[in-house]
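Colleague: Need a 3D model of the sequence below.
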Amino acid sequence: MSQSQESVSFADLALRSELLKALADLGYEEPTPIQRESIPPIAAGSDVLGQAATGTGKTAAFALPILQRLAEGDRGVKPVALVLVPTRELAVQVSQAFHRYGRDLGVRVLPIYGGQPIGRQLQALSRGVDVIIATPGRAIDHINRGTLDLGEVTTVVLDEADEMLDMGFVEDIEAILDETSDQRQTVLFSATMPARIAALARRYLRDPVRIEMGRQETTPGEAPKVRQSAYMVARAHKPAALGRILDTESPAAAIVFCRTREEVDQLTETLNGRGYRAEPLHGGMSQDQRDRVMARMRAGTTDLLIATDVAARGLDIDLLTHVVNYNVPSAAEAYVHRIGRVGRAGREGVAITLAEPREHRMLKTIEQTTKQRFTIEKLPTVADLRTRRLEMTRAALQEALVAGDGLEQFRVVVESLGDEFDIVDIALAAVQLAHQSSGNEIDEQEIPDQSDSVSRKPRRDEPERRGGKSAPRSGGGGTVKLFFGLGRRANIRPQDLVGAIANEAGLSGRDIGAIEITDRFSLVEVPAGAADDVISALRNSTVKGKKLTVRRESFAARKRTK
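Modeller: All right, here's what the predicted structure looks like:
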């Protein structure tokens with residue numbers, strides 16, 4: 001379906017007066033393209049298959065028509081709409097949006113996710129709920145308990161469907177949909193449309209209206225909304241290189257994506273030591289810790305969020321100006337999700353990727369997916385950094401001179417020194433002291449320039465690379481099996497293992513191969529080059545409340561466990 005170029009207001013979409021009032025109070029003037037295309041068919045009861053990235057306004061695109069169709073008066077106890085989302089953070093955000101839009105309708109919305117006291121959820125369900133916003137795992141828990149009845153649900157929304165499938169929720173999603181009426185309306189939104197999403201849509205959607213929101217076109221001569229660049233950096237120099245790039249870019253607010261929680265913690269410490277206000281965000285933190293981090297980020301008391309993919313999913317930060325990939329994402333779709341967080345609502349954003357020379361093939365894959373080329377930048381040199389920091393000192397002095405506050409008390413110092421030294425020399429000494437006291441002195445070594453390495457063709461004897469890792473030819477598939485010391489007796493399911501690996505080690509679901517679960521242990525195939533990272537990331541993890549033992553598979557280990 002093509003986007004209409006005509007100016008359309010929310011009133012033109014025939015929304016009820018309560019919704020129009022709420023939108024006006026919130027300051028929304030006109031619908032975004034995805035809202036303009038989605039609201040009419042969803043309000044009419046049609047199934048919808050939509051491709052739209054985070055930040056395009058898709059929450060309102062399905063929330064408003066669901067609220068539009070709510071019955072007047074007493075609506076009973078059972079929910080009439082269910083929205084499935086991949087993470088607790090997104091569940092909270094979508095729930096808040098429903099509350100804001102539907103406050104004059106008295107809408108009853110309940111977010112259901114892990115980490116929240118289930119007793120509170122049970123009380124709300126017993127009192128009556130109109131709309132459920134749930135993560136698939138917690139929804140299944142309630143269905144199995146008999147506390148969530150989906151028999152009267154008329155609309156199901158799968159939000160960020162590709163993320164849910166990557167996290168191993170496909171079986172849960174299918175089980176939940178099977179609990180609803182065959183006559184329900186199904187709406188599916190996804191940033192990407194891989195074959196698995198298409199298969200899910202063919203099975204559960206009936207003659208859907210297809211909506212595709214591509215990247216916003218730019219007029220000739222206009223810069224793209226997201227500036228995408230890459231720096232070629234050897235692994236040993238990445239922390240210093242990132243600090244230097246951030247010093248040059250001076251982001252108002254940025255997310256730096258890492259593969260593992262261990263990498264998150266190490267990089268956070270490094271950047272804080274460099275003078276940044278950085279906060280970690282990963283699966284090893286409690287929900288209260290995450291909430292406090294996000295509150296500081298939104299309040300502007302934190303400059304940088306250092307996060308794993310799973311921990312950052314569903315986050316919406318209005319002030320975000322930069323997204324940094326500390327490693328090249330293992331899948332092009334993950335890159336699309338990440339950069340969708342900046343360049344929103346017409347604002348310009350910056351996406352930066354730090355790539356090792358051997359990862360240049362993955363950059364090419366991402367370029368093919370996004371249909372945009374990376375600009376390969378040269379790392380700022382020590383001279384560049386010195387110039388930049390001198391500019392910062394100059395700007396600070398200029399600001400002090402313009403303000404003029406409190407300068408007069410220092411006049412006696414300048415005048416007394418003026419009898420002995422030239423006034424310019426006095427100013428130079430003062431600037432030097434100001435520069436040194438601000439921490440802007442340079443004490444760094446040059447970082448080797450690797451930017452020319454992307455044009456190098458691999459030698460015949462080099463191993464193939466997959467996801468930025470070396471994939472040995474031995475075995476033919478470039479994968480190894482990892483031994484997990486938990487199995488069916490611990491109620492372990494494939495999605496539990498996929499979720500743990502994706503959350504802690506940064507691999508996407510499509511990177512993970514065959515999974516074999518026995519009574520006492522499980523075997524999982526992962527890319528050979530990522531095996532050590534997975535083992536390290538999961539060293540202190542738990543699944544289903546039980547300590548996880550992870551190592552490379554060996555026959556002896558299997559025999560002992562049996």
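
Colleague: Could you use CA atoms for every contact and neighbour count after this?
Modeller: OK.

Colleague: show me where pLDDT drops low in the stretch 301-450 of the chain?
Modeller: Applying pLDDT under 70 to the stretch 301-450 of the chain flags residues 310-316, 318, 330, 343-347, 358, 438-445, 449-450.

Colleague: quick one: the strands in it?
Modeller: Under the criterion DSSP state E, counting those that start in this stretch, strands of the stretch 301-450 of the chain are mapped to 304-308, 322-325, 349-355, 375-377.

Colleague: tell me the most buried of those strands?
Modeller: strand 304-308 (a mean of 26; mean count of other CA atoms under 10 Å).

Colleague: And it, what does it pack against?
Modeller: Applying 3 or more CA pairs under 8 Å, 6 or more residues apart in numbering; DSSP states H and E, one finds that strand 304-308 contacts strand 254-258, helix 261-273, strand 278-281.

Colleague: mind listing what that strand pairs with, with the direction of each?
Modeller: Counting by DSSP bridges, the strands paired with strand 304-308 are strand 254-258 (parallel), strand 278-281 (parallel).

Colleague: With Leu363 as the reference, name the closest of the ones you listed.
Modeller: Closest to Leu363 of the strands paired with strand 304-308 is strand 254-258 (CA to CA; 16.0 Å).

Colleague: So what's the gap between the closest one and the chain middle?
Modeller: For strand 254-258, the separation from the chain centroid amounts to 9 Å (computed by CA atoms, centre = their mean, to the nearest Å).

Colleague: avg pLDDT for it?
Modeller: Strand 254-258 carries an average pLDDT of 91.

Colleague: Render the CA-only coordinates of the strand or helix carrying Pro41 in CSV, please.
Modeller: Taking DSSP states H and E as the criterion, the element that holds Pro41 is helix 33-43. Extracted C-alpha coordinates of helix 33-43, given in CSV (Å, rounded to 0.1, in the frame of the first residue of the first chain):
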residue,chain,number,x,y,z
PRO,A,33,2.6,7.6,7.6
ILE,A,34,2.2,4.2,9.4
GLN,A,35,-0.7,5.6,11.4
ARG,A,36,-2.4,7.0,8.4
GLU,A,37,-2.2,3.7,6.5
SER,A,38,-2.9,1.4,9.5
ILE,A,39,-5.7,3.0,11.5
PRO,A,40,-8.5,2.7,8.9
PRO,A,41,-8.1,-1.0,8.1
ILE,A,42,-7.5,-2.0,11.7
ALA,A,43,-10.5,0.0,12.8
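
Colleague: Who are the packing partners of that helix?
Modeller: Helix 33-43 sits against strand 48-51, helix 58-68, strand 209-212, with contacts defined as 3+ CA pairs under 8 Å, 6+ apart.

Colleague: Next, the angle from that helix to helix 58-68.
Modeller: 30 degrees (axes from the mean of the first three to the mean of the last three CA atoms, to 10 degrees).

Colleague: Going by neighbour count, list what's buried in helix 33-43.
Modeller: The neighbour-count check on helix 33-43 (16 or more other CA atoms under 10 Å) flags 33-40, 42-43 as buried.

Colleague: Please pull out the lowest mean pLDDT helix or strand from the protein.
Modeller: strand 465-466 (a mean of 30; mean pLDDT, DSSP states H and E).

Colleague: quick one on the thing from earlier: now, of the strands paired with strand 304-308, which is deepest in the fold?
Modeller: Ranked by mean neighbour count, the strands paired with strand 304-308 are led by strand 254-258 with a mean of 26 (mean count of other CA under 10 Å).

Colleague: can you list contacts of that one?
Modeller: The contact list for strand 254-258 (CA atoms under 8 Å, 6 or more residues apart in numbering) reads 264, 303-309, 320-327, 506.

Colleague: on that earlier part again, among the strands paired with strand 304-308, which is nearest Arg489?
Modeller: Here strand 278-281 is closest among the strands paired with strand 304-308 (CA to CA), at 31.6 Å.

Colleague: residues making contact with that closest one?
Modeller: Residues from elsewhere that reach strand 278-281 (CA under 8 Å, 6+ apart): 264-265, 268, 271-272, 290, 293, 302-308, 311-312.
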